[in-house]
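Enquirer: Quick one: sequence plus predicted model below, questions after.
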Amino acid sequence: MIVYDGLKSDFMRSVEGGLIAKEIEQNILDKLGFHTTANEFMSWENSMLRMYMIMNDSEIPSDAGVAIEYNVPQTAKRIDFMISGYGADNKPGMVIVELKQWQKIEKVEATDAVVELVETYTGNALRKVVHPSYQAWSYARLILDYNAIVQDKDIKLAPCAFLHNYIRRDNDPLDDEQYAEYLYEAPAFTRTQTKELKNDIVNIGLHFFLKNVRPYAASCSEA
């Protein structure tokens, strides 16, 4: 199930009109039957504006598909943002963007059982949570494992994370060697890396947008 889906052009108009958070909120009420919190509403306001900045690029076509708050099949997990399309070879693909408003993280030392944790302030408390690249990568794996449409149509998935309030520094714990595997599979972009994320979408993760683009993510909710 997808809370919000449409074209890039729809998304851009909704953000420009100051309506996107309200539309997501109303869709959650209509589709899931519950009200969202003020904090979650504000997170959409902030994060969708950041994604507007990313999507505001002529090399990402206006008829690319956009999906927000996609419920991963067989789980209670929701993917923040997805972009979809077909490439020059007519093969479909989607990029998965895990959005974080974090401003600081610390490494959590790995154990034999767990290597993917970081510590950050979230949910009004300091918590140990999974690294955002691991989270994006794990969502892609879950979709590959449980979504029959993705399997049958051989849809390429390109996960990444966007920490749009986070300023990367030298020897940043975000980039610690113990997270290298997940960073390789799902690159993490930060506040000052808007250009890099755009380039990744256009040139790497979403090179399939170069021709014959149309929305695709919505059909994946059927699985």
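Expert: Here it is on my side, so go on. Note that this is a predicted model, so its numbers are computed, not measured.

Enquirer: What separation do you get for the nearest residue to P187 once chain neighbours are set aside and W137?
Expert: In this structure, P187 finds its nearest non-sequential neighbour in C160, 5.0 Å apart by Cβ to Cβ, 6 or more residues apart in numbering. Placement of C-beta: from N, CA and C, glycine included. Using Cβ to Cβ, to the nearest Å, C160 is found at 9 Å from W137.

Enquirer: And the residue nearest to P187, which helix or strand is it part of?
Expert: strand 156-163 (DSSP states H and E).

Enquirer: Could you tell me the angle between the longest helix seen in the chain and strand 156-163?
Expert: With secondary structure taken from DSSP state H, the chain has its longest helix at helix 38-55. For helix 38-55 against strand 156-163, the angle by axes from the mean of the first three to the mean of the last three Cα atoms, to 10 degrees is 120 degrees.

Enquirer: what packs against the helix or strand just after helix 38-55?
Expert: From helix 38-55 onward toward the C-terminus, using DSSP H and E, the following helix or strand is strand 65-71. Judged by 3 or more Cβ pairs under 8 Å, 6 or more residues apart in numbering; DSSP states H and E, strand 65-71 is in contact with strand 2-7, helix 8-16, helix 20-32, strand 78-86.

Enquirer: quick one: strand 65-71 to chain centroid distance?
Expert: Here strand 65-71 is found 9 Å from its chain centre; the criterion is Cα atoms, centre = their mean, to the nearest Å.

Enquirer: partners of that strand in the sheet?
Expert: Partners of strand 65-71 in the sheet, by DSSP bridges, are strand 2-7 (antiparallel), strand 78-86 (antiparallel).

Enquirer: Relative to V130, which of those is closest?
Expert: Of all these, strand 78-86 sits nearest to V130, with 14.2 Å by Cβ to Cβ.

Enquirer: E45 - how many residues pack around it?
Expert: E45 is flanked by 15 other residues according to other Cβ atoms under 10 Å.

Enquirer: Quick one: residues contacting the residue most central in space within the chain.
Expert: Closest to where the C-alpha atoms of the chain average out (Cα atoms, centre = their mean) is V97, at 1.7 Å. Going by Cβ atoms under 8 Å, 6 or more residues apart in numbering, V97 touches 51, 79-83, 136, 160-162.
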